[in-house]
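Trainee: dropping the sequence and predicted coords here.
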Amino acid sequence: MNFLHSVSDEDEAGPDPKEAAGSEEDPIGQRVAQNLQRLRSKRYLSLDALARNCGVSRAMLAQIESGRSVPSIKVLCKIAKGLKVSVAAFLENRAFEGVEVLPAQQSKRLVNADGTFSSRALFPYDMARQSEFYEIRLKGLGEEVSNGNGPGIQENLVVAQGVLEVSVNEERYLLSTGDSILFYADQPHRYRNPADSEAVAFVVITYPEPLD
């Protein structure tokens, strides 16, 4: 069973027993059920109260929350509006409601051996994702070398402060504040700060989409 299975607000009779059994093994349906229960409980809402907020019947909400029915997109949008969250919040496999503040002091950081290079994750670091966003800092005259990342990985870097020399397969590119560069990071590459003052840059790393 998947999201193409349509459930109307008026469907109170309950799902077909065969469909109900199948939904117990459906990871998407179970994820929606778990997130609905989590989001509703966090707001101290009863099923009746949520039904009034979103215009979906209590019986239908109970079926969805127990994993016995998978809602249509239309129904899920109504529930999301009632809970004041994004529809995507129901599909997350962690506790995320569409907005998350990441205090700087709690960010995941990596510092090289001599302390000249540091990177800070600007995204929740607790799950795999298609793209990652980092702040990197390189002290004056410092450098950081990489032999290359996995196949197909791209880096998109923009210099926010100072100057930065980026070498890709020994070809050098000198970037000033505001300049950006995009390259395949599966090649050997190096960051070097030719100035005495610290350089700051932001990097988006994009992983290739998995092949079917």
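Mentor: Received, thanks.

Trainee: quick one: the lengthiest helix in the chain to chain centroid distance?
Mentor: Taking DSSP state H as the criterion, the chain has its longest helix at helix 27-42. Helix 27-42 has its C-alpha centroid displaced from the chain centroid by 18 Å (Cα atoms, centre = their mean, to the nearest Å).

Trainee: in that helix, which residues are buried?
Mentor: Of the residues in helix 27-42, 29, 32, 33, 34, 35, 36, 38, 39, 40 count as buried by neighbour count, 16 or more other Cβ atoms under 10 Å. The C-beta positions use only the backbone N, C-alpha and C, and glycine is treated the same way.

Trainee: turn the residues you listed into TSV, columns for pLDDT.
Mentor: Listed next are the buried residues of helix 27-42 as TSV, based on pLDDT from 0 to 100:
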residue	pLDDT
29	87
32	91
33	92
34	90
35	88
36	92
38	88
39	89
40	91
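
Trainee: for residue 51, state which of the residues you listed is nearest.
Mentor: residue 40 (10.6 Å; Cβ to Cβ).

Trainee: my read: that closest one touches residue 85, true?
Mentor: No. The pair residue 40 / residue 85 is not scored as a contact, 10.6 Å apart, by Cβ atoms under 8 Å.

Trainee: check which element follows the longest helix of the chain along the chain.
Mentor: helix 47-54 (DSSP states H and E).

Trainee: quick one: contacts of that next one?
Mentor: 40, 45, 56-58, 61-62, 65, 78-79, 81-83 (Cβ atoms under 8 Å, 6 or more residues apart in numbering).

Trainee: domain-wise, how is this structure divided?
Mentor: 17-90, 104-206 (automatic domain parsing).

Trainee: lowest-confidence stretch among these?
Mentor: Ranked by mean pLDDT, the domains of the chain bottom out at domain 17-90, with a mean of 85.

Trainee: just give me how far it sits from the chain centre.
Mentor: Taking the mean of its C-alpha atoms, domain 17-90 sits 21 Å from the chain's own mean (Cα atoms, centre = their mean).

Trainee: give me the nearest residue to the most centrally placed residue in the chain, chain neighbours excluded.
Mentor: Nearest residue to the geometric centre of the chain (Cα atoms, centre = their mean): residue 129, 5.6 Å. Nearest non-adjacent residue to residue 129, counting by Cβ to Cβ, 6 or more residues apart in numbering: residue 123, 7.1 Å away.

Trainee: hmm, residue 102 and the one you found touching each other?
Mentor: Yes. Using Cβ under 8 Å, residue 123 is in contact with residue 102, at 7.4 Å.

Trainee: that'll do, ta.
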